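Curious how this folds, go ahead:
(2 chains)
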Amino acid sequence: DQQVKQNSPSLSVQEGRISILNCDYTNSMFDYFLWYKKYPAEGPTFLISISSIKDKNEDGRFTVFLNKSAKHLSLHIVPSQPGDSAVYFCAASASGNEKLTFGTGTRLTIIP
Amino acid sequence: GAGVSQSPSNKVTEKGKDVELRCDPISGHTALYWYRQSLGQGLEFLIYFQGNSAPDKSGLPSDRFSAERTGGSVSTLTIQRTQQEDSAVYLCASSTDGYGASPLHFGNGTRLTVT
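Numbers count the residues shown, from 1 in each chain, chains lettered A, B, ... in the order given. Sure thing, here's the model as predicted:
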């Protein structure tokens, strides 16, 4: 039972354009969402998060949008840079439950 | 300061042998997690330690898997009688307080290959 789904295994975007990575979840108890970025042979690193009381959180070139009614969130990266090429994981947690549930990841490739 | 350290970085073992994977969390972090990533899959939760509380073992796939955390710091994940399906990257992470909102800091993982 995949509670966090990233339906696009890969995405290619031209340098300078906007990258949009999508994530869907099924568990209505999830109230905190995070994005992690992973380079080959390294562990994931935290990128940005959002609480369910918000619908948008912005940090520099990265913005996360949350649509609770659709159980959908997205990560926007603008402008995209070659160093953004990595695998991006969406993760979710529910209050009182300390473990994060991760999606299967989306491999983003930025084309110079 | 130092991040989460895992050893070994790579481990090749024969089917049926036991393996031990080690994790040194960030100093002062009370929460420690083990996840694994199989080829083409997401990160699968295995076990969670928080302070002196009983660990959450709900993600361990079988009784061949066990983990301990000594002195609230270093953790060891043990896999007995390894099987080929145990091949994966095993990731350890720590966080300041273990609440879901606290970002996890991951190590670089141990790539386990069972032949």
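
can you tell me the helix or strand for the residue nearest in space to the middle of chain B?
Taking CA atoms, centre = their mean, the centroid of chain B lies closest to B:Trp34, which sits 3.1 Å from it. Of the helices and strands defined by DSSP states H and E, B:Trp34 is found in strand B:31-37.

Can I get the very next helix or strand once past that strand in CSV? Just the C-alpha atoms.
Downstream of strand B:31-37, the first helix or strand assigned by DSSP H and E is strand B:43-50. The C-alpha trace of strand B:43-50 is given here as CSV (Å, rounded to 0.1, in the frame of the first residue of the first chain):
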residue,chain,number,x,y,z
LEU,B,43,12.8,4.6,1.1
GLU,B,44,11.3,1.8,3.2
PHE,B,45,11.1,2.5,7.0
LEU,B,46,12.7,-0.2,9.1
ILE,B,47,13.1,0.9,12.7
TYR,B,48,13.1,4.0,14.9
PHE,B,49,14.8,4.8,18.2
GLN,B,50,13.9,7.8,20.4
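
Stretch B:67-78 vs chain A: in contact?
No. Contact of stretch B:67-78 with chain A (CB under 8 Å from any CB of the partner chain) is absent, the minimum separation being 13.9 Å. (C-beta placed from N, C-alpha, C; glycine too.)

So which residues make contact with that stretch?
The contact list for stretch B:67-78 (CB atoms under 8 Å, 6 or more residues apart in numbering or on different chains) reads B:18-25, B:27, B:30, B:32, B:34, B:46-47, B:49, B:51-52, B:55, B:57, B:60, B:65-66, B:90, B:92.

in its sheet, what does the host helix or strand of A:Glu58 sit against?
When elements are assigned from DSSP H and E, A:Glu58 belongs to strand A:56-59. Next to strand A:56-59 in the sheet, as set by DSSP bridges, lie strand A:62-67 (antiparallel).

Next, the buried residues of the partner strand.
Neighbour counts over strand A:62-67 (16 or more other CB atoms under 10 Å in any protein chain shown) mark A:62-66 as buried.

Same check on stretch B:61-73?
Residues B:65, B:67, B:69 are the ones in stretch B:61-73 that count as buried (16+ other CB under 10 Å).

Identify the bridge partners of the second one.
Pointing back at B:Ala67 there. Judged by DSSP bridges, the bridge partners of B:Ala67 are B:Leu77.
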